[in-house]
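# Have a look at this fold, sequence not included:
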């Protein structure tokens, strides 16, 4: 455990080495969210309820996206593909560490750094935009929201790692599957739009997939928009996907290692 | 001009041939881009249909703003791809080799690479506005203005890329400049009217995203006044002149890094 804490600590410090890069990365994240914020602000300019959301709920959704996107979707493990394609992975395989825990530690450090900055950004944007924010008073619902956020962190880690693992079979394409995964995260995870703007049939189908449980589900849980029975169903489906993605990752990793040739080393 | 076109054709052929060597990567990226387009337009369609009226525009008009953004942005990326390697060339000193050639260095460093992935998605990108336009009423003059303002938008995009390249010469530390522009550019996926002042004016006149992406559609719909149209073309011409001046200034300041 101590060695992973060290990795965590070193990754945290690394974040401050390339300060300008990190700040610009954060600025870029804010720009994405600003677009979504103003889009919904324009839609709700005349008030009312659209797609089951009022202005306060939808703008809270956007603000929560800014925080949770950094925490849940922020990942260093997209660099794993590079390790596989250039053979650097061989160095890690020889060391007495678990490669997955190594990257999980790096991811968690990155998430902590991102969330620290996003809280600062939230205060700044709140001061500038002064949106109506919805505060959830139900402690039980808040606890379940925290649980779904943790589920989402692991779900994202496993699915992202699976995307990187495909590099074993396509060494010239370290970034391609991550590119597709990022698109899916953004659009089917609920970053750009809440998923319930879709027709009911498409929405129901989507809720059987893992992606809505990355952002859409935790945020709507916080907003109190999910009925109790749907909460249990959502927890069951997301729990299933965590286990399934973990299983697929382990299998992919074992198969991938058999094909790994440590080119360049 | 003929010589420049010949060199450009050679550069493009080279870059396409090298890309074809990684067919699987191209296939995955093209599929990714088509997936993004399909999902984004599906969501946008349901969003605009569900809201009935978006800033006073009906859902087809709102979709035209989105599809025009993707069309202009992708054409820009397709032609100006090479600029993303410019910083690396400056840091490694490889830019020196472009300076000693009897051809303007911007040809190779802006147009030298051609994005095959964007070319492959182009039929879909062209088809979407055509489908959307079929639901709208406009005359040939409005369409001509739309086309002219799209080309004008590409000229402004070119200027932005040249200025960013010049900034890299002034300070190679400027690594995120182009990516920052790309992110800011996404703010124009929807008409700039959604933003409040002063952000709307900044996005129209300072970083002229409104002129690049929103004005062509407004001209097509007859919502842009003649002074507005003329001012847009003026901004296009002035931006190219200014960008070339900044570039020339940067070239004079350039000192080889490591070659």
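On my side now, so go ahead. What you see is a predicted model, and the numbers here were worked out from it, not measured in a lab.
# Just give the number of residues close to residue 142.
Here I'm looking at chain A. Using other Cβ atoms under 10 Å in any protein chain shown, residue A:142 has 14 neighbouring residues. Glycine gets a C-beta too; all of them are placed from N, C-alpha and C.
# wrong chain, I was asking about chain B
Residues near residue B:142, counting by other Cβ under 10 Å, number 17.
# Hmm, it is touching residue B:222, no?
Yes: in this structure, residue B:142 is within contact of residue B:222 by Cβ atoms under 8 Å, at 5.9 Å.
# burial of the closest residue to residue B:145 other than its chain neighbours, as a residue count?
Closest residue to residue B:145 apart from its sequence neighbours, by Cβ to Cβ, 6 or more residues apart in numbering or on different chains: residue B:219 at 4.1 Å. Using other Cβ under 10 Å, residue B:219 has 26 neighbouring residues.
# List the contacts of the residue most central in space within chain B.
Among the residues of chain B, residue B:76 comes closest to the average C-alpha position under Cα atoms, centre = their mean, at 3.3 Å. Residues near residue B:76 by Cβ atoms under 8 Å, 6 or more residues apart in numbering or on different chains: B:154, B:157-158, B:161.
# and the longest helix for chain B?
Criterion DSSP state H: the longest helix present in chain B is helix B:140-170.
# tally of neighbours for the residue in the stretch 1-150 of chain B that chain A sits nearest to?
In the stretch 1-150 of chain B, the residue that lies nearest chain A is residue B:28 (3.6 Å; Cβ to the nearest Cβ). Residues lying near residue B:28 (other Cβ under 10 Å) number 21.
# Could you look up the SS state of it?
When classified by DSSP: H, G, I helix; E, B strand; the rest coil, residue B:28 comes out as helix.
# For the nearest residue to it once chain neighbours are set aside, give its distance to residue A:215.
In this structure, residue B:28 finds its nearest non-sequential neighbour in residue A:176, 3.6 Å apart by Cβ to Cβ, 6+ apart. From residue A:176 across to residue A:215, the span is 23 Å (Cβ to Cβ, to the nearest Å).
# residue ranges of the helices in chain B, please?
Secondary structure of chain B (DSSP H): helices at B:2-20, B:23-50, B:59-79, B:86-92, B:95-99, B:105-111, B:116-133, B:140-170, B:177-185, B:199-201, B:209, B:215-220, B:226-253.
# now for the longest one, which elements pack on it?
When you say that, I think you mean helix B:140-170. Counting contacts by 3 or more Cβ pairs under 8 Å, 6 or more residues apart in numbering or on different chains; DSSP states H and E, helix B:140-170 packs against helix B:59-79, helix B:86-92, helix B:105-111, helix B:177-185, helix B:215-220, helix B:226-253.
# Let me have those helices in TSV, adding mean pLDDT as columns.
Converted to TSV, the helices and strands packed on helix B:140-170 look like this (pLDDT from 0 to 100):
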stretch	mean pLDDT
helix B:59-79	91
helix B:86-92	82
helix B:105-111	82
helix B:177-185	81
helix B:215-220	94
helix B:226-253	93
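# Could you say which of these is packed most deeply?
Scoring the helices and strands packed on helix B:140-170 by mean neighbour count under mean count of other Cβ atoms under 10 Å in any protein chain shown gives helix B:215-220 as the most buried, with a mean of 26.
# check contacts around residue 52.
Chain wasn't specified; assuming chain A. By Cβ under 8 Å, 6+ apart, the contact list for residue A:52 reads A:196, A:225.
# looking at chain B here, not the other one
residue B:59.
# which parts of the stretch 1-150 of chain B sit against chain A?
Neighbours of chain A within the stretch 1-150 of chain B, by Cβ under 8 Å from any Cβ of the partner chain: B:22, B:24-25, B:28-29, B:31-32, B:35-36, B:39-40, B:42-43, B:46-47, B:50-51, B:54-55.
# Mind doing that once more with 7 Å?
Taking Cβ under 7 Å from any Cβ of the partner chain as the criterion, the stretch 1-150 of chain B approaches chain A at residues B:22, B:24-25, B:28-29, B:31-32, B:35-36, B:39-40, B:43, B:46-47, B:50-51, B:54-55.
# Which residues of the stretch 51-200 of chain A lie near chain B?
So far as Cβ under 7 Å from any Cβ goes, the stretch 51-200 of chain A lies against chain B at A:51, A:170, A:172-173, A:176-177, A:179-180, A:183, A:187-188, A:192-193, A:197-199.
# One more pass at 8 Å, please.
By Cβ under 8 Å from any Cβ, the residues of the stretch 51-200 of chain A that approach chain B are A:51, A:170, A:172-173, A:176-177, A:179-180, A:183-184, A:187-188, A:192-193, A:197-199.
# Looking at the stretch 151-265 of chain A, which residue is nearest chain B?
Here the residue of the stretch 151-265 of chain A nearest chain B is residue A:176; by Cβ to the nearest Cβ that distance is 3.6 Å.
# Can you name the residues that contact that residue?
A:170, B:24-25, B:28-29, B:32.
# Thought residue A:221 was touching residue A:231, still the case?
Yes: using Cβ under 8 Å, residue A:231 is in contact with residue A:221, at 6.7 Å.
# Which of the two has more residues huddled nearby?
residue A:221 (23 against 17).
# Can you name every helix or strand that the helix or strand containing that one contacts?
Using DSSP states H and E, residue A:221 maps to helix A:216-222. If you count contacts as 3+ Cβ pairs under 8 Å, 6+ apart, helix A:216-222 packs onto helix A:55-68, helix A:139-165, helix A:228-259.
# can we see that at 6 Å?
Helices and strands touching helix A:216-222, by 3 or more Cβ pairs under 6 Å, 6 or more residues apart in numbering or on different chains; DSSP states H and E, are helix A:139-165.
# from the middle of its chain, how far away would stretch A:181-193 be?
10 Å (Cα atoms, centre = their mean, to the nearest Å).
# Give the rounded mean pLDDT of that stretch.
The predicted model gives stretch A:181-193 an average pLDDT of 89.
# Same question for stretch A:81-91.
The model assigns stretch A:81-91 a mean pLDDT of 85.
# Would you mind listing the buried residues in it?
A:81, A:83-86, A:88-90 (16 or more other Cβ atoms under 10 Å in any protein chain shown).
# So which of those residues is the closest to residue A:122?
residue A:81 (31.8 Å; Cβ to Cβ).
# in what helix or strand does the closest one lie?
In the assignment (DSSP H and E), residue A:81 maps to helix A:80-85.
# continuing past that helix, what's the next helix or strand?
Elements were assigned by DSSP H and E; along the chain past helix A:80-85, the next helix or strand is helix A:89-93.
# what angle separates the next helix or strand after that next one from helix A:228-259?
Using DSSP H and E, the helix or strand that follows helix A:89-93 in sequence is helix A:99-129. Counting by axes from the mean of the first three to the mean of the last three Cα atoms, to 10 degrees, helix A:99-129 lies at 130 degrees to helix A:228-259.
# Does residue A:204 belong to a helix, a strand or coil?
Recorded secondary structure, residue A:204: helix (three-state DSSP).
# Can you report how many residues lie near it?
Neighbours of residue A:204 under the rule other Cβ under 10 Å: 10.
# I'd like the distance from it to residue A:195, if you could.
Distance of residue A:204 to residue A:195, given as Cβ to Cβ: 10 Å.
# what does residue B:206 give?
Distance of residue B:206 to residue A:195, given as Cβ to Cβ: 35 Å.
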